[in-house]
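K.L.:
any chance you can model this:
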Amino acid sequence: MNADKKLNALREKLLKEETFLMQRPHYELMDTLKKTELYKCFLQMPKPAVHHTHLTGACDIKFLVELTYYDFVYYS
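P.N.:
Have a look, this model is predicted:
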């Protein structure tokens, strides 16, 4: 089984087990995600590209709202 098929199979398994995965903020799921086989596979893979996360998925919305009170912060 090639890597793409294995990763897709692990992804599909995870999505079936955690049905609301795509609707919850990343920071809330981090402990759960780190325990999955998919995460363990990613840790073993080389990093050929820049990995990133979007700010709105990585932090609490209250924090983002608080940032808007500063004159030097622009958020769209």
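
K.L.:
what distance separates the start and the end of stretch 13-30?
P.N.:
The straight-line separation of the ends of stretch 13-30 (C-alpha to C-alpha, to the nearest Å) is 17 Å.

K.L.:
give me the mean pLDDT for stretch 11-21.
P.N.:
Taken as a whole, stretch 11-21 carries a mean pLDDT of 80.

K.L.:
show me what it is in contact with.
P.N.:
Stretch 11-21 has contacts (C-beta atoms under 8 Å, 6 or more residues apart in numbering) with 22, 29, 32, 36, 37, 38. Backbone N, C-alpha and C define where each C-beta goes, glycine included.

K.L.:
now these: which count as buried?
P.N.:
Of the members of the contacts of stretch 11-21, the ones counted as buried by neighbours, 16 or more other C-beta atoms under 10 Å, are 36, 38.

K.L.:
out of the contacts of stretch 11-21, which comes closest to residue 61?
P.N.:
Nearest to residue 61, judged by C-beta to C-beta, of the contacts of stretch 11-21 is residue 29 at 15.3 Å.

K.L.:
got a list of what the most centrally placed residue in the chain touches?
P.N.:
The centroid of the chain falls nearest to residue 26 when counting by C-alpha atoms, centre = their mean (4.7 Å). Residues near residue 26 by C-beta under 8 Å, 6+ apart: 53, 57, 58.

K.L.:
in space, what's closest to it - neighbours in sequence excluded?
P.N.:
Excluding the flanking residues, the one nearest residue 26 by C-beta to C-beta, 6 or more residues apart in numbering is residue 57, at 4.6 Å.
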